[in-house]
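Asker: let's see this in three dimensions:
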Amino acid sequence: MFRTTQDIVELRRWAEFREARPCRDTRTGQLQLSLPGGPGEGFEVGWDEFEPAFVHARQVFVYDDAPGSRRCFIGAAAEAEVFVCGPRGAPAP
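Answerer: Predicted coordinates for the structure are as follows:
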């Protein structure tokens, strides 16, 4: 089940439990999490940079709370809705 939060502590707990590291997309600079075994497309930043940027930009964190799930999204609320529901009128993936 997907959950949505703006709570950085909740985001960090989810990430650390899965050994994810905070990073930024190399092309866009957007915040993201790098999960072990993932594509590794971002450059790593520390939590001390990630956390204030997340809060200041009023980002949302969408994550699947199923055991072992690694699906997550960080971004604007409108983008998060597309991540969860797909484009308007389209079924979710």
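
Asker: please count neighbours and contacts with C-alpha atoms only from this point.
Answerer: Will do.

Asker: quick one: contacts for residue 36?
Answerer: The contact partners of residue 36, by Cα atoms under 8 Å, 6 or more residues apart in numbering, come to 19, 20.

Asker: again, only using 10 Å
Answerer: 18, 19, 20, 21, 70 (Cα atoms under 10 Å, 6 or more residues apart in numbering).

Asker: drop anything exposed from these.
Answerer: Using 16 or more other Cα atoms under 10 Å as the burial test, those include 20, 21, 70 as buried.

Asker: OK, contacts around the last one?
Answerer: For residue 70, the set of contacting residues under the criterion of Cα under 10 Å, 6+ apart consists of 14, 15, 18, 20, 35, 36, 38, 63, 64.

Asker: swap in the first one?
Answerer: Shown in contact with residue 20 (Cα under 10 Å, 6+ apart): 12, 13, 14, 32, 33, 34, 35, 36, 37, 38, 70.

Asker: okay, now residue 78: neighbour count?
Answerer: By other Cα atoms under 10 Å, 9 other residues sit near residue 78.

Asker: do the same with residue 5
Answerer: Neighbours of residue 5 using other Cα under 10 Å come to 14.

Asker: quick revisit: ok, of the contacts of residue 20, which one's closest to residue 55?
Answerer: For the contacts of residue 20, the residue nearest residue 55 by Cα to Cα is residue 12; the value is 12.6 Å.

Asker: next SSE after the strand or helix carrying the closest one?
Answerer: Assigned by DSSP states H and E, residue 12 belongs to helix 8-17. Once the chain leaves helix 8-17, the next helix or strand it forms, by DSSP H and E, is strand 21-25.
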